[in-house]
Structure formats: structure tokens, C-alpha cells
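>>> here is a sequence with its predicted model. Questions after.
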Amino acid sequence: MVFDTPAGHLFGRCAKVLRAGGTYVTTLPNAALVTGRARALFASKWCRFVQVDSRRADLKLVGGWLSDGLDAPIDSRHRIADLAAALERQAERGRVGRVVVDVADGWPS
């Protein structure tokens with residue numbers, strides 16, 4: 001699966017790294033999504049869209065937690081390029097806190 005949350009890549013580019021039956025998911029409904037879905041009809045791969053609706057009450061609740069000093073313990077931090085190491089750490093015993101994956105810099109070129 002390729003979950004392209006920033007919608008920075010096209011299905012055609014990501015399809016190259018997907019196995020048969022794999023899925024590309026984007027968060028941006030645009031012309032590229034329509035093209036990708038059409039291309040997926042002739043491939044053994046899927047092109048999908050996901051939408052998340054925020055609710056004012058939920059955002060206020062989370063904002064309140066943060067204002068009150070919500071402290072989520074962090075076990076380790078990893079760059080997105082080191083995702084494999086982050087997943088390994090997530091599966092290890094003895095982990096205390098969250099495994100954080102920093103996606104700010106994106107995938108290396």
C-alpha cells in the first residue's frame with residue numbers, strides 16, 4: 001500500500017512499487033485521481049481516495065487536552081526514509097511510549 005497523505009505523487013508513479021493487488025490511496029480528489037482510477041481498471045492494482053471530516057467538538061476536545069499539557073510519552077523518532085526501522089521498533093518488546101515517524105521532509109529523492 002502507498003498512502004500518499006500529502007497527495008504529492010501520482011498513481012502511475014506509485015504503481016511501479018506496488019505488488020499485484022496493491023493499493024494507492026490519496027487524500028486529494030482531483031483529475032489525477034480520476035486518471036489513476038481509470039488506469040487501475042487495466043492493472044492488477046487499486047487507486048482509492050480517502051476523506052476525513054473534522055468535527056468542531058472533536059477538535060475542541062483535542063485542543064483542550066493540548067492546552068492542559070497532554071503528555072504522550074515518545075519512545076523514539078524516525079525519519080520517513082527510515083520507516084522500516086520505525087516499524088521494527090514498534091513491534092519490539094520493551095517499548096515505552098509512541099514511535100514517531102517524521103514526515104515533514106518527505107521521501108528522499
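Sure thing, it's come through. Numbering: from 1, shown residues only.

>>> use CA for all of it now, contacts and neighbours both
Fine.

>>> and stretch 91-100, end to end?
Using C-alpha to C-alpha, to the nearest Å, one end of stretch 91-100 lies 13 Å from the other.

>>> show the pLDDT at the closest residue to Ala32 other than its chain neighbours.
Counting by C-alpha to C-alpha, 6 or more residues apart in numbering, Leu10 is the residue found nearest to Ala32 once chain neighbours are left out, at 6.6 Å. On the pLDDT scale, Leu10 is placed at 86.

>>> please parse the protein into its domains.
2-49, 71-102 (automatic domain parsing).

>>> which of the ones you listed sits most buried?
Neighbour counts (mean count of other C-alpha atoms under 10 Å) averaged over each of the domains of the chain peak at domain 2-49, with a mean of 16.

>>> gap between the two ends of that domain?
12 Å.

>>> now that domain: how far from the chain's centre is it?
13 Å (C-alpha atoms, centre = their mean, to the nearest Å).

>>> which residues does Val99 contact?
Ile74, Asp75, Ser76, Arg77, His78, Ala86, Arg89, Gln90 (C-alpha atoms under 8 Å, 6 or more residues apart in numbering).

>>> sorry, slip of the keys, the one I care about is Thr26.
Phe3, Asp4, Thr5, Pro6, Ala7, Leu33, Arg48, Phe49, Val50.

>>> identify the farthest-apart pair in those residues.
Pro6 and Arg48 (14.2 Å; C-alpha to C-alpha).

>>> which stretches of the protein form strands?
For the chain, applying DSSP state E gives strands covering 2-4, 23-26, 46-49, 74-79, 98-102.
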